[in-house]
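> Build me a structure from this.
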Amino acid sequence: MYADEALDTVDKFLGDALVNGLHEVQIIHGTGGGVLSKLIGAYLNTHPKIDKFYRMQGNLGITIVQL
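Reported below is the predicted structural model:
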């Protein structure tokens, strides 16, 4: 995905998760060059409904997000 597509998808995904009362989700962005993971991390830092997020141990291509 391109950056703008990824952020739109993550934003919709998090909105759906919040509406459905989820407290934790996983975002699979892959490892690749690390561009998407950095971009998503920067987005999550500014999101008002995110309690915390971190990379999954043993699989750096997944970010765990606590809502």
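
> Please enumerate the helices of this structure.
For the chain, applying DSSP state H gives helices covering 3-19, 35-46.

> close enough to count as contact, Thr9 and Ala3?
No - under the criterion of CB atoms under 8 Å, Thr9 makes no contact with Ala3, lying 10.8 Å away. No exception for glycine: its C-beta is placed from N, CA and C like everyone else's.

> Look at Gly41 and say how many residues are nearby.
Residues near Gly41, counting by other CB atoms under 10 Å, number 16.

> Please apply the same query to Leu14.
Other residues lying near Leu14 total 20 when counted by other CB under 10 Å.

> likewise Val10?
Neighbours of Val10 using other CB under 10 Å come to 22.

> From Gly41, how far out is it?
Val10 sits 11 Å away from Gly41, taking CB to CB, to the nearest Å as the criterion.
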